[in-house]
Structure formats: C-alpha cells, structure tokens
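need coordinates for the below:
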Amino acid sequence: MKHNITIFRQILISVLIPVLIVLLIVEAINYQNTKSIMVASNSEKNAIISDEIKTIFEFQDISLVMPEDALNMRLKNISNTLVNKYFKNTNGIEKADLKVIQKEINMDPNWEDIYIINREGTIINTTFKKDLNLNLFQFGEDLKKFLENIFVSHAFLVDKYSIEVSTKKLKKFCYQTTLDGKYIIELGTYSKKANEVMWFIRKRLKEISSKSSGIVSVDYIINQENPFSLNSNLKIDENEKTRIQNIYKTKQSNEYKISKNGKDLHLEYIYIDKITDFFIGAVIRIVSDRTTEERYLRNELIKAIILFVITLSILSFIIYLRAKWISKPVRKLVITTKNIAQGNLSERAEIIGRNEIATLSVHFNLMIEQLQQSHDELEKSNSEINEQKNIIERKNKDIMDSIMYAKRIQEAILPPDKLVNKYLKNSFILYKPKDVVSGDFYWLEVLDDKVLFAAVDCTGHGVPGAFVSIVGNNGLNRAVNEFKLNVPGEILDKLEDLVEETLRQKENEVKDGMDIAICSLDYKTNTLCYAGAHNPLYVIRDKNLDFPEGELSIDEDEKRNLFEIKADRQPIGLHAFRKNFTNHTIQLKKNDTIFIFSDGFADQFGGPKGRKFKYKPFKRLLVSIQDKPIKEQRDILNKTIVDWRGDRDQIDDIVIIGVRI
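As a prediction, the model looks like this:
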C-alpha cells in the first residue's frame, strides 16, 4: 500500500527550511551579535569612568586630612570666644553687627563666616548675606535632626568638610549653642588647600568626558533632597530630580534613552554608596551620544528586512505553485460545503487523490452524517430554549420593576425642590445618577435657624450604593433630630458611629461607607461651618477680598479667586486610625459662591483622548461661570459633562451643590 503524500511535508520542504536559514543567519547572528557587542562596550566604558571617579574622591580624602586638622583648633577657639564673650547675653543677637565682631577677633572676612541659627532652623544673622533667612531644615531630615541634637546636647561639634550649595566650594562648619540654649553659633571657613583639591577634581572630571569617545558629559551629583552637580552648572528639571531621588532611595543604578537636537542620547545613572568621608552617597550621571551606533543598528535591521522580503517573495511564489496543484479538490470541497450550509444535508464531498484533502473529505462526510442526526434533535430542543427565554425575560421585567420602585423610594428621601428653594434661596443642585438608583445623594435639614446641607458619595453605585445611601440619610437625620447636633464635625462623628452600628461593620467586617461634605449656614451672620470626609469645600470670592480660612487654589481669573478647604483624609465607616472630624468656620462675604460635590464629575472619562476631566479643569470651570445666574450655572455644568462624556458611559454618580451668598 502506497503512503499518502501529505501537504504538511510539501510545505515543510518548500517553505520552512528557507525561512529558518534566512531569519537565523541574517537576524539572529548579524543583528543580535552586533547589538550585544555595542552594549557590552558601552557598559565597560561607563564602569571604567565610574572606577576612576571613585579613585579621584579617595585622593580627595587623603589630601584634605592635614588642612582639616589645622582648622579644627582655630574654629573651637573662635566659637568659645563668641559664646562666652560676645553672645553671653543673646538679647538683640539677630541685629548684632557680626562684621564688627568678625574684625575684632581677627577673622578673615574672605574665608571665615559667622551664622546665628534659631530653634526653627532659620539663619537670622550672618556675615554670609546669601544665606540670610535660609531655613536649614528644608535640606532634609538628617540635617534637621543634627541641629536639634546640638540644641539638646549643648556640645561643641565640628563637622568635616561639606559642599556649600550656593558656591559649590568645600567649607568646614562647627556648631555650639549659646549659654541660654536659644541659638546655635555656627562658624564656616573655606580652605585654600581644600579649594585647590576641589579645582583639581573638577578638572579631572571634565577631562574624563572630553577624552572618552562618545561621552558627552560626566556629572558627580550629590544631595538627595536637592540634587546638584559638583563639577558643572547642570540644570536639573523636576522630572530628572525625581528620577535621581528614586535612585538614592532604591540605591539601584538605572539608565534612560532620550532624543535631543536630532541625537540619540543615553543617560546612565550609577549609584555610589560611601566612597569618601565627605560624600556618603552620590550618583554619577554619564551622558553618551549613541547616534552613530543607533544609525548603524537601524541600517543592519533594514538589511535584514530587505532580505526577509526577498525571501518571502520567493517563498510566496513556491507556495503559489504548490497551491495551484492542490486547489482543485479543495474547490470541489468548498462547493459541497456551501450546498450543505444552505440546508442540503444530503450533499457529500467527492474523494479525489491520496493526500490529506482526500482524508479530510472522508471525515467531512462522516461529520455531515452525524450533523444530520443532530439536526432533528436540535429542533426538538428549540422549543425548550424559547420557553426558558420567556422565563428569563419575565424575571428581568420583575427585577427592573423592583429597581424602578426602589428609585421612587430613594427620590422620596431626597429633600423636595420646594424645601431646597425655601432655605437655600440662591442655589442649585446637579444630581445625575449613573444607574436607575444612585449611591450619591444630597441632604438638607433646618435646625436652630441654621440650614444644614450635605453632598454624600456612598461606596459603589446602583443598587448597592442605594442601600448605603439610605443608611447614610437615616444616620444624618438621627444625628440632627434625635441627638440634636448642629455642628458639622460632631454630626460626622455621630454619623460614623451610626453607620458602623447599622452595618455591624466590626462584627461582619463590612467595608462600605461614604465620603461627605457637610455645611451649616447661618444667613443672619453669614457664617459657614464645614466638615468633610475626603470631599473638600470650594469658595469663590471676589479678587480684592482676602480669605484667611482656606488655601488659594485658582487665581487665574481677573475678577475672582477659588479657595479650597481640605477635608479630613478618612471616610465615614470602618477604618483604622479613626479621629474626630475637623470643623472649619468661615466668615462669608457678599457674592461668595460655595460648592460641595462628589468625585463623579472630576473622574468622568471623556474628551478626544478618553481621559478623566480632573479637578483642576473643574475648578477653572466653576470660576469661569460665576458671571452667570446660579440656576444657569447648573445647566452649564450639566452640558459640559455631557459633551465631555460623548458616547462613553457615565462611570459614577454625580452630585454638585452650589450656593451664592
């Protein structure tokens, strides 16, 4: 019996072997090896530079030992004279003429400086005017703790050479508290020898980059909090500053690629732990120009692609010839398949030849016979499926009827428009549930001539959020009417107790809760009291009026500013580290507009790029519509979010309350 000639063998001989030869030889060997050699070469070059820099700074330690010892004794004598003679009484120390004192005790004004530091870490008097009013605590926790320990110990401490940020020169500092412990007398002195050593180091770092092929620059960067280059005037932007600080934190080297002025630059950051006594940690920044290497690799890739296209063309031609030979039985099988697809199950495929197409035709005919048997059984089951479909549709209708009834219940607990218009006369409420029922709701109550109102965002949305909203609404009503609370912070504290009690959160570990902004408005005194759980308060005020109670957030408008009162960073519900909510009291002015809201507006995805609306544009929008009547502002906000959303789904419930004074 002769063996069948399989299509797989034909494709294996005609197609697979040429593809493997072309791809394996051209791409795997040529391109990959070239790239690996270049990467290894660059890594080796950067490692050599890093080792040379370490050697340079080890030389610095040795060179500075002698000048450091000589200065220590002089600094101690001067410090004792200042503490025990000139500043024995510290009254008026911030106005003392340090230049005169400097001259009297024979200090060199070009090399030696005096600094007076108060307990807040601020330099209140100095002979080095560039550092006057400089707060040293801003340079990190280590320096802050160091100065605080000096205040506690009252000891004389002399530090090793350190880099002065403003001049990038080596400077030695010593510290000693005044007799009354209120101030630190700090002395700083330059050293001619130390400056010569630093000049030599900077020169060597510059020579490294100029003599190394492909190296654009080499920088030795120190100071984790405010990093700067020791050997150049490198400008470090915020992105690179964050990048360097992360390297300090992780102590892991990293590298990046950028394109600048038509060049492909490679930035490698090498973290150096302690290599000298003066620099505990540092980052070496090596910038390499790899434009030529990248261009060479691209050319190699283009060559590989061209060879691949040529090979593909040849293989396509071979496949075409082979396909033409086997297409005849395939076409007949296709015609038979179409007839069967039209419902003629009596059709059978013709068996031609002794290849896999013939074998396929045999099994195809067997499959059609089984399909014909199954067809009758399938028709019998259709009636059962239709009956199940009708049951599902009826159940869906019952569920939707229940949800619509729940919507009517939820709407019934919301304050009616008549009540809102009566007590919040010049106001609007934008309320847009995501689903039929909502997890956001608004609330209003009047107690002791004060109007209490809140915007609440419950966990989730739809039916789960609606259940939580009923718990929240009931808790607010009980806090005010049953417990007679009218201070927003106290209401939130009580609401948190009631929510935990109602949901039995400690027992069941239920995590549901809510974010809320609640206000108490006294129209007689124009006083507003606010407290918030995650959700802040915005106040828009005329440009010429100050606002001491909050933080200025938007000042771009010519007429008005937007101020923000931040909420406590805790929700209503079960959570760790619970604390009482903060009350904020604000004296309102005429024409002030206040806003409280949930996060649904700012978090809505939309726009041409499908991004969130975000809070900054939301604030600008609120400021821009303040010339409009308060009711019209609601329509503008609604149209804005609808246009922003476009064809996308609303992702969360939205509630915004605006009140103009």
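
middle-most residue in the protein, spatially?
T242 (11.9 Å; C-alpha atoms, centre = their mean).

ramachandran angles for it?
Phi and psi for T242, reported as degrees, to the nearest 10, are phi -60, psi -40.

I'd like to know how far it sits from A412.
Separation of T242 from A412 (C-beta to C-beta, to the nearest Å) stands at 52 Å. Every residue, glycine included, has its C-beta placed from N, CA and C.

then D592?
33 Å.

equivalent analysis for A282, please.
Counting by C-beta to C-beta, the gap from A282 to A412 is 67 Å.

got it, and P548?
Between P548 and A412 the computed distance is 42 Å (C-beta to C-beta).

so what pLDDT did V216 get?
V216 carries a pLDDT value of 74.

mind giving me the packing neighbours of the strand or helix carrying V451?
According to DSSP states H and E, V451 maps onto strand 450-458. Counting contacts by 3 or more C-beta pairs under 8 Å, 6 or more residues apart in numbering; DSSP states H and E, strand 450-458 packs against strand 440-447, helix 462-477, strand 514-522, strand 593-597, strand 654-660.

and it, what's its mean pLDDT?
94.

same question, stretch 153-166
Here the average pLDDT along stretch 153-166 is 76.

returning to what we had before: out of the helices and strands packed on strand 450-458, the one nearest A96 is which?
Nearest to A96 among those is strand 593-597 (50.1 Å), distances taken as C-beta to C-beta.

by contact count, what packs against that closest one?
Secondary elements touching strand 593-597 (3+ C-beta pairs under 8 Å, 6+ apart): strand 450-458, strand 514-522, strand 527-533, strand 537-542, strand 654-660.

repeat that with 6 Å
When contacts are defined as 3 or more C-beta pairs under 6 Å, 6 or more residues apart in numbering; DSSP states H and E, strand 593-597 packs onto strand 537-542, strand 654-660.

run through who's touching that strand.
Residues outside strand 593-597 that contact it (C-beta atoms under 6 Å, 6 or more residues apart in numbering): 455, 517, 537-540, 656-660.

kindly recompute the last result at 8 Å.
By C-beta atoms under 8 Å, 6 or more residues apart in numbering, the residues outside strand 593-597 that reach it are 453-455, 517-519, 528, 530, 532, 535, 537-540, 588, 622, 626, 630, 654-661.

got it, and stretch 553-570?
515, 517, 530-543, 547, 549-552, 577-579, 581-582, 584, 586, 619-620, 622-624, 626-627.

which among these count as buried?
515, 517, 530-541, 547, 549-550, 581, 584, 586, 619, 622-623, 626 (16 or more other C-beta atoms under 10 Å).

how would you label Y248: helix, strand or coil?
helix (DSSP: H, G, I helix; E, B strand; the rest coil).

so how many other residues sit close to it?
Number of residues near Y248 (other C-beta atoms under 10 Å) recorded here: 19.

residue contacts, it?
Applying C-beta under 8 Å, 6+ apart, the residues contacting Y248 are 224, 227, 271, 281, 283.

biggest separation within those, which pair?
P227 and Y271 (12.2 Å).

between those two, which is the more surrounded one?
With neighbours defined as other C-beta under 10 Å, P227 and Y271 compare such that P227 has more, 21 against 18.

look at the more buried one and report its pLDDT.
pLDDT recorded at P227 is 79.

please name the residues that touch it.
221, 236, 241, 244-245, 248, 283.

mind giving me the ChimeraX command for buried ones among those residues?
Here is the ChimeraX selection string for the buried members of the contacts of P227, based on 16+ other C-beta under 10 Å:
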select :221,236,244,248,283
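
of the contacts of P227, which is the nearest to E104?
Of all those, E104 sits closest to I221, with 40.8 Å by C-beta to C-beta.

quick check: that closest one touching I286?
No: applying C-beta atoms under 8 Å as the test, I221 and I286 come out as separate, 11.0 Å apart.

what is in contact with the two at once?
Counting by C-beta under 8 Å, 6+ apart, I221 and I286 have no contacts in common.

name the residues of stretch 94-102 that come out as buried.
96, 98, 101-102.

what is the end-to-end distance of that stretch?
The straight-line separation of the ends of stretch 94-102 (C-alpha to C-alpha, to the nearest Å) is 15 Å.
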